[in-house]
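Peer 1: got a predicted structure plus its sequence, pasted below:
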Amino acid sequence: MKLTVPRDLSSASISEILESSTDDTIFLTDSRVNVEPGPQMFERLSEASAASGGFVYSDSEGHPRIDYQLGSIRDNFDFGPVIAINRQAARQVWQGGAMRWAGLYDLRLRLSEKFSITRIPEPLYTASVADTRSSGEKQFDYVDPKNRDYQIEMEKVATTHLQRIGAWLPPEFRSVPRVDGEFPREASVIIPVRNRERTVLDAVNSVLGQSADFTFNVIVVDNHSTDRTTEMLRGIGDSRLVHLIPGRKDLGIGGCWNEGLKSSTCGRYAVQLDSDDLYSSPHSLASIVEELKRGPYAMVVGSYTMVNFKLETIPPGLIDHREWTRDNGRNNALRINGLGAPRAFDTAIVREIGFPNVSYGEDYAVGLRISRDYEIGRIYDSVYLCRRWEGNSDSALPLETANRYDSYKDGLRTDEILARQRR
């Protein structure tokens, strides 16, 4: 038994491996990683591959992984640098092709349709770390413009997979219903916050400085801050600021969003701003609301510029989520880990759906649910400054937390795929 190093992950390379191998199980590894097999690695992976008939991976020393599920269709799923593939099963599903990067991704999705993708929750080997960047640095790889051709190819593979399993949706959308009754104002910017004394005033003032020909307010849901955040908010002398402190102490960001949405002060449209961030122009709010009305859309996603704490642009700069298209955006949304920012909603629709009471993926959950029925509008100009600094909640996630977040989002995708298959 031996490890095979593909020359790349193209269709041609995968075809070559499947055609040339004479072993029942093919063990693939990553040339960029130094792997030291444990005493039973080959045997355990072979047994599991024979039993499942599909695709097997495992934990490695010091690096537990998560279980694969129906919604684990993202192309960056962490299988680790060693995988085992049942040769007979792979030959049965493999269709070849001319893909430069997505050959193994295509094979994995095709195997998942007929066979099992199995994790062995044991550290079967040790491996050097392939990517030492923090979670905060890695999370924007998929929107880096230099990776655009790669992303288009991955989208094509994911889309055909969704078509094969009956979870693909055509670009046909429900109309946004008329709203009965009146709202107290046209728009509300909702800012959930906890312990952001260094940034919250910047965020609030960027809203209060907006220029618009409609009425708006800013609803700050102060989740029982223990630093000076609460005191600082109480010191703002502007009647457009609504400072809410929830009666509950068990709310995540999603729960805080629900508090803002159900407030009697909430406007016709609900617009997002994180407590770390700023609007990039005095006209950002007006352009977002204008786009919501233009559709009319149930949800609009803008574009943003990555900046440091001094508001200097940092790589990759503008994040405009060009991977979102009207024809296929809501299908491609099942492959990626987010829909972009800032987000804005038709308040009546998002009140009905509600946010899950979590502090990671709550916006993604709502975006997926809305996309199942409604068209999502897009703004490709930057309306938002996303400030990256050491205080960001996702700047350097421990592996256990990153695994929990990834598993949660895979679960959201699983639920959404099942719902789409039932349509």
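Peer 2: That came through, no problem.
Peer 1: show me what the helix or strand that R330 is a member of is packed up against.
Peer 2: Using DSSP states H and E, R330 maps to helix 329-332. Secondary-structure packing of helix 329-332 (3 or more C-beta pairs under 8 Å, 6 or more residues apart in numbering; DSSP states H and E): helix 148-164, helix 362-373, strand 376-387. (Glycine included, C-beta is placed from N, CA and C.)
Peer 1: what does that helix contact?
Peer 2: Contact with helix 329-332 is made by 155, 158-159, 162, 168-169, 323-325, 371-372, 376, 378, as judged by C-beta atoms under 8 Å, 6 or more residues apart in numbering.
Peer 1: please repeat the previous calculation with a cut-off of 10 Å.
Peer 2: 151-152, 154-156, 158-159, 161-163, 167-171, 173, 301, 321, 323-325, 339, 367-368, 370-376, 378, 416, 420 (C-beta atoms under 10 Å, 6 or more residues apart in numbering).
Peer 1: now do it: distance to the chain's middle.
Peer 2: How far helix 329-332 lies from its chain's middle: 12 Å, per C-alpha atoms, centre = their mean, to the nearest Å.
Peer 1: in it, what's buried?
Peer 2: By 16 or more other C-beta atoms under 10 Å, the buried positions in helix 329-332 come out as 329-332.
Peer 1: still on that earlier bit, please list only the buried members of the contacts of helix 329-332.
Peer 2: By neighbour count, with 16+ other C-beta under 10 Å, the contacts of helix 329-332 hold 151, 154-156, 158-159, 161-162, 167-169, 173, 301, 321, 323-324, 339, 367-368, 370-376, 378, 416, 420 as buried.
Peer 1: now do the buried residues in the lengthiest helix in the chain.
Peer 2: Among all segments of the chain classified by DSSP state H, the helix with the greatest residue count is helix 399-421. By 16+ other C-beta under 10 Å, the buried positions in helix 399-421 come out as 402-403, 405-406, 408-414, 416-417, 420.
Peer 1: by contact count, what packs against that helix?
Peer 2: Using 3 or more C-beta pairs under 10 Å, 6 or more residues apart in numbering; DSSP states H and E, the elements in contact with helix 399-421 are helix 135-138, helix 148-164, helix 329-332, helix 362-373.
Peer 1: so for that helix, mean pLDDT?
Peer 2: For helix 399-421, the mean pLDDT works out to 97.
Peer 1: how about stretch 265-272: buried residues?
Peer 2: 266-272.
Peer 1: quick one: secondary structure of the residue nearest the centre of the chain?
Peer 2: By C-alpha atoms, centre = their mean, the mean C-alpha position of the chain lies nearest to N337, the distance being 1.9 Å. Recorded secondary structure, N337: coil (DSSP: H, G, I helix; E, B strand; the rest coil).
Peer 1: tell me how the protein divides into domains.
Peer 2: 3-132, 187-392 (automatic domain parsing).
Peer 1: among those, which comes closest to R178?
Peer 2: Among the domains of the chain, the nearest to R178 by C-beta to C-beta is domain 187-392 (9.3 Å).
Peer 1: how far off centre is the closest one?
Peer 2: With C-alpha atoms, centre = their mean, you get 15 Å for domain 187-392.
Peer 1: mind telling me what element G255 is part of?
Peer 2: Per DSSP H and E, G255 falls inside helix 253-262.
Peer 1: could you list the alpha-carbon positions for that helix in CSV?
Peer 2: Extracted in CSV, the C-alpha atoms of helix 253-262 (Å, rounded to 0.1, in the frame of the first residue of the first chain):
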residue,chain,number,x,y,z
ILE,A,253,-26.2,37.9,17.2
GLY,A,254,-29.3,36.4,15.5
GLY,A,255,-31.3,36.7,18.6
CYS,A,256,-30.3,40.4,18.8
TRP,A,257,-31.4,40.9,15.2
ASN,A,258,-34.8,39.5,16.1
GLU,A,259,-35.0,42.0,19.0
GLY,A,260,-34.4,44.8,16.6
LEU,A,261,-36.8,43.5,14.0
LYS,A,262,-39.7,43.1,16.4
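Peer 1: next helix or strand past it?
Peer 2: Next along from helix 253-262, by DSSP H and E: strand 269-272.
Peer 1: what helices or strands is that next one leaning on?
Peer 2: So strand 269-272, by 3+ C-beta pairs under 10 Å, 6+ apart, packs with strand 187-193, strand 216-222, helix 253-262, helix 284-294, strand 299-307, strand 343-346, helix 347-353.
Peer 1: can you give me the helices for the stretch 51-200 of the chain?
Peer 2: Taking DSSP state H, counting those that start in this stretch as the test, the helices found in the stretch 51-200 of the chain are 87-93, 103-114, 135-138, 148-164, 200-208.
Peer 1: ok, of those, where does mean pLDDT dip lowest?
Peer 2: helix 135-138 (a mean of 42).
Peer 1: burial count for R240?
Peer 2: 18 (other C-beta atoms under 10 Å).
Peer 1: hmm, it is touching V218, no?
Peer 2: Yes. When contacts are counted by C-beta atoms under 10 Å, R240 is listed as touching V218 (6.2 Å).
Peer 1: please identify every residue contacting each of these two.
Peer 2: What both R240 and V218 touch, as defined by C-beta under 10 Å, 6+ apart, is the set 188-189, 204, 207-208, 210.
Peer 1: from P296, how far off is L109?
Peer 2: 35 Å (C-beta to C-beta, to the nearest Å).
Peer 1: compare these two (neighbour count), which wins?
Peer 2: Taking neighbours as other C-beta under 10 Å, L109 and P296 compare with L109 leading, 23 against 17.
Peer 1: nearest residue to the more buried one in space, please, no chain neighbours.
Peer 2: Closest residue in space to L109, ignoring its immediate chain neighbours: H161 at 4.2 Å, by C-beta to C-beta, 6 or more residues apart in numbering.
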